[in-house]
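Engineer: Only the shape, not the letters, is given here:
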Ligand code: HEM
Ligand code: HEM
């Protein structure tokens with residue numbers, strides 16, 4: 001199994017809050033504060049407040065997740081910062097491989113593209129949480145202006161990365177077909193998808209007796 005149940009639940013909480021924050025955040029950034037969104041009209045809560053409440057939920061999730069999932073965090077971080085020889089070749093083949101599925105070989109638990117995305121996501125989401133909490137607690141002055149600047153820049157950086165991650169992870173691109181199973185349902189992949197996207201990891205998991213998939217170890221992918 002690629003991602004255990006607690007990681008899958010954490011991920012679900014993360015994306016519900018982050019997608020809601022992106023929606024309300026962009027609404028504010030585009031200057032729509034004066035015109036309530038459909039959600040704000042339906043709930044009677046102004047967009048800025050919806051945003052701040054969801055922001056606190058994300059901040060709480062991050063604190064609780066870091067406390068309860070310390071071991072998972074360490075593995076995630078260690079596997080995301082480790083780049084190896086050969087990863088450059090993986091990147092060169094990547095644009096074609098997203099369509100053909102013929103990715104370059106890599107040995108990681110995450111493919112090199114995921115590792116870059118993970119690092120950017122961790123840094124920008126932490127910056128958003130820290131500056132957002134700052135905005136919620138401080139009510140003006142130069143510190144507020146500074147938090148707002150960090151918050152806006154991080155929003156610009158995080159948006160394309162989240163969109164890219166969702167496109168890749170949802171399995172719309174032929175090369176990444178089936179990877180959504182790693183995080184949803186029982187969290188088990190089909191053998192052929194695991195071997196295509198994470199070949200080294202699949203071999204190691206199979207050798208350990210956990211093939212991480214719904215097919216038998218080394219057997220045929222299920223239908
Ligand atoms: C994915 C995460 C987040 C994104 C993309 C995001 C985005 C944004 C954007 C674009 C704005 C408008 C800035 C402007 O108009 O200059 C904003 C405002 C704000 N954000 Fe966030 N944000 C996020 C997380 C958070 C968090 C975790 C908090 C913490 C409580 C937070 C609290 C605030 C506050 C208090 C404001 C000012 C609202 C107002 O106008 O009264 N945000 N955010
Ligand atoms: C909106 C905010 C989201 C954030 C911040 C986020 C973040 C992450 C992170 C940091 C990972 C760890 C490894 C990786 O980079 O793949 C991950 C994995 C994953 N995410 Fe998301 N995600 C979001 C939304 C989604 C959505 C909407 C889907 C729906 C298809 C999704 C599907 C997946 C899958 C399948 C994995 C597992 C990949 C693996 O096992 O390596 N994510 N996500």
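Structural biologist: In hand now; what should we look at? The shown structure was predicted, so the numbers you read here are calculated from the model rather than taken from an experiment. Numbering: from 1, shown residues only. Ligands and ions are numbered 1, 2, ... in the order given.

Engineer: ok, now how distant is the residue sitting furthest away from the middle of the chain from residue 34?
Structural biologist: Using Cα atoms, centre = their mean, the residue of the chain lying farthest from its centre is residue 141. It sits 33.4 Å away. Separation of residue 141 from residue 34 (Cβ to Cβ, to the nearest Å): 24 Å. To be clear about C-beta, it is placed using only N, CA and C from the backbone, and glycine gets the same treatment.

Engineer: what does residue 94 give?
Structural biologist: Taking Cβ to Cβ, one finds residue 94 at 43 Å from residue 34.

Engineer: Neighbour count for the two, which is higher?
Structural biologist: Each of residue 94 and residue 34 has its neighbours counted (other Cβ atoms under 10 Å); residue 94 has more, 15 against 6.

Engineer: which residues does that one contact?
Structural biologist: By Cβ atoms under 8 Å, 6 or more residues apart in numbering, the contact set of residue 94 is 103, 104, 113.

Engineer: Can you report how many residues lie near the first one?
Structural biologist: Residues within reach of residue 103, counting by other Cβ under 10 Å, total 21.

Engineer: cool, the last one as well?
Structural biologist: Number of residues near residue 113 (other Cβ under 10 Å) recorded here: 19.

Engineer: Contacts only, for it.
Structural biologist: Per Cβ under 8 Å, 6+ apart, neighbours of residue 113: 90, 91, 94, 168.

Engineer: Which members of the residues you listed are classed as buried?
Structural biologist: 90, 168 (16 or more other Cβ atoms under 10 Å).

Engineer: Please convert the contacts of residue 113 to a markdown table, extending it with secondary structure and distance to residue 201.
Structural biologist: Shown next, in a markdown table, are these (DSSP: H, G, I helix; E, B strand; the rest coil; distance: Cβ to Cβ, whole Å):
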| residue | secondary structure | distance to residue 201 |
| --- | --- | --- |
| 90 | helix | 14 |
| 91 | helix | 18 |
| 94 | helix | 17 |
| 168 | helix | 17 |
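
Engineer: and ligand 2, which of the contacts of residue 113 contact it?
Structural biologist: The overlap between the contacts of residue 113 and the neighbours of ligand 2 (Cβ under 6 Å from any ligand atom) is empty.

Engineer: mind putting the contacts of residue 113 in TSV, pLDDT included?
Structural biologist: Output for the contacts of residue 113, formatted as TSV (pLDDT from 0 to 100):
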residue	pLDDT
90	96
91	96
94	96
168	95
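
Engineer: thinking again about what came up before, per-residue pLDDT, the residue farthest from the centre of the chain?
Structural biologist: Reported pLDDT at residue 141 in the predicted model: 92.

Engineer: and the gap between it and ligand 1?
Structural biologist: Going from residue 141 to ligand 1 by Cβ to the nearest ligand atom, to the nearest Å gives 14 Å.

Engineer: Also residue 51?
Structural biologist: Distance from residue 51 to ligand 1, by Cβ to the nearest ligand atom: 5 Å.

Engineer: I figured that residue hits residue 22, correct?
Structural biologist: No. At 10.0 Å, residue 51 and residue 22 do not qualify as touching, with contact defined as Cβ atoms under 8 Å.

Engineer: Give me the more crowded residue out of these two.
Structural biologist: Using other Cβ under 10 Å as the criterion, residue 51 and residue 22 rank with residue 51 on top: 23 against 17.

Engineer: do the helix or strand hosting residue 16 and ligand 2 meet at all?
Structural biologist: Assigned by DSSP states H and E, residue 16 belongs to helix 5-29. Yes. Judged by Cβ under 6 Å from any ligand atom, helix 5-29 comes into contact with ligand 2 at 11, 14, 15, 18, 19.
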